[in-house]
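1. Next comes the sequence, and after it the predicted model I'd like to discuss.
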Amino acid sequence: MSLEDVSTADIVAAPLETLSFVLPARVTFSRNVFVPVTNICRNACGYCGFRRDIGDAEAHLMGPDEVETLLQQAKNADCTEALFTFGERPYEVPGFLEKLEAFGYASFLDYLYDLCKVAIAVGLLPHSNPGVLTFDELERLKPVNASMGLMLETTASVNAHQGCVGKEPELRVWTIEDAGKLRVPFTTGLLVGIGEGWGDRIRSLKLLADLQRRYRHLQEVIIQPFAPKPGTRMADVASPSSEVLLRTVALARHLLPDDVAIQVPPNLVEIAPLLSAGASDLGGISTVTVDYINPEHAWPDVADLGVALTERLAIYPQYVRAGWYSEALAPLIGELADKDGFRKKRAETGDR
Ligand code: SF4
């Protein structure tokens, strides 16, 4: 059975050997730096090892100088993307705004906006993941972001999200849809193994497929396996099996339009079988920082992955070619992108 001819039920239940997978024509990745601006968050997801309470000794808010030093280090290490990551709406946590005021800001979005401008000045394309945003907030951040992201995770109500106001699926769908209305190249994804079932995964993917048919703004959908973290409510829950991941990747490829790349994280999974099931992107691979969400899983060296990779930017080629970016980003994208919208080869940049 070829993947094009099967039903979702076949992909979920048929013996794997009866499903015929093919390797993608091209496998992409981007060289990024992970900038964990703050680990303070209004939510408290059952699987999260990143978030800290505001009074915790490990709670942090990076200052502008610290961020700029990291960005410069990344530029020197040949990165092209600054991945700004945070807890969601940290300013709703009592005490956070006082920390922010120490850096001269009353609004976290103003702070993020300025950090994105610093990244552009350094020569890196910002990609921000601020969690649930309103239409107006997305519109404000769009000119200084090459792309933005929000994991859908799941459309199901799961215990892992108990008490997390921002994990209401409807809110996340609204943000993803508003990004479409604003023509923001967007990254979303599923977190697999947090209590959802096959019906939920199929519903989530069909919803994303519908959004893509309406707005064409989803550049990639990440299929991310849950990874247990010590000290969290889900510390004793097992990660999803490789078979569940493989079937989920195949489902994503089957249900999503062809212009959406399926991304899998190469520090969490064995990539070869997932590439044959329909994945074609490995996401951002950092040569400068660890994956702060899964720090126990080191990034592989791209040269060791055993696959020929094409380097892309934070904004996918089709959106480079279609001009889905602001005037503020145009010079840098012009400098970094080749005629097809991928990253220019070293000889084309003339600087390495
Ligand atoms: S997973 Fe994200 S939203 Fe949930 S607690 Fe952690 S930082 Fe907050």
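-> Great, that's in hand.
2. Could you tell me which strands the helix or strand harbouring Thr85 is paired with, and in which direction each runs?
-> Per DSSP states H and E: Thr85 is located in strand 81-86. Using DSSP bridges, strand 81-86 pairs in its sheet with strand 27-38 (parallel), strand 125-129 (parallel).
3. Whether it contacts the ligand - can you check?
-> No - Strand 81-86 does not reach the ligand (C-beta under 6 Å from any ligand atom); its nearest approach is 7.4 Å. Where C-beta positions appear, they are placed from N, C-alpha and C, glycine not excepted.
4. Can you give the contact residues for that strand?
-> 30-39, 41, 71, 74, 112, 115-116, 119, 122, 124-131, 146, 284, 286, 292-293, 313-314 (C-beta atoms under 8 Å, 6 or more residues apart in numbering).
5. What distance do you get for the closest residue to Ser2 other than its chain neighbours to Leu256?
-> Excluding its sequence neighbours, the residue lying closest to Ser2 (C-beta to C-beta, 6 or more residues apart in numbering) is Ser20, at 4.9 Å. Going from Ser20 to Leu256 by C-beta to C-beta, to the nearest Å gives 19 Å.
6. cool, and Pro143?
-> From Pro143 over to Leu256 (counting by C-beta to C-beta), the distance is 28 Å.
7. Comparing the two, which shows the higher neighbour count?
-> Remark: of Pro143 and Leu256, Leu256 carries more neighbours, 21 against 15, as counted by other C-beta atoms under 10 Å.
8. residue boundaries of the helices in the stretch 51-200 of the chain?
-> Applying DSSP state H, counting those that start in this stretch to the stretch 51-200 of the chain gives helices spanning 64-76, 96-101, 108-122, 135-141, 169-181, 198-215.
9. Quick one: mean pLDDT for the first one?
-> Yep, that's helix 64-76 we're talking about. For helix 64-76, the mean per-residue pLDDT is 97.
10. Can I get it in PDB, CA atoms only?
-> In PDB, the C-alpha atoms belonging to helix 64-76 read as follows (Å, rounded to 0.1, in the frame of the first residue of the first chain):
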ATOM      1  CA  PRO A  64      19.700  42.800  26.700                       C
ATOM      2  CA  ASP A  65      23.500  42.600  27.000                       C
ATOM      3  CA  GLU A  66      23.400  38.900  27.700                       C
ATOM      4  CA  VAL A  67      21.100  38.300  24.700                       C
ATOM      5  CA  GLU A  68      23.300  40.400  22.400                       C
ATOM      6  CA  THR A  69      26.500  38.500  23.400                       C
ATOM      7  CA  LEU A  70      24.800  35.200  22.700                       C
ATOM      8  CA  LEU A  71      23.500  36.500  19.300                       C
ATOM      9  CA  GLN A  72      26.900  37.700  18.300                       C
ATOM     10  CA  GLN A  73      28.400  34.400  19.300                       C
ATOM     11  CA  ALA A  74      25.800  32.700  17.100                       C
ATOM     12  CA  LYS A  75      26.600  34.900  14.200                       C
ATOM     13  CA  ASN A  76      30.300  34.100  14.500                       C
END
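11. what helices or strands is it leaning on?
-> Helix 64-76 sits against strand 27-38, helix 108-122, with contacts defined as 3 or more C-beta pairs under 8 Å, 6 or more residues apart in numbering; DSSP states H and E.
12. same deal with the third one?
-> Of the remaining helices and strands, those touching helix 108-122 by 3+ C-beta pairs under 8 Å, 6+ apart are strand 27-38, helix 64-76, strand 81-86, helix 96-101, strand 125-129, helix 135-141.
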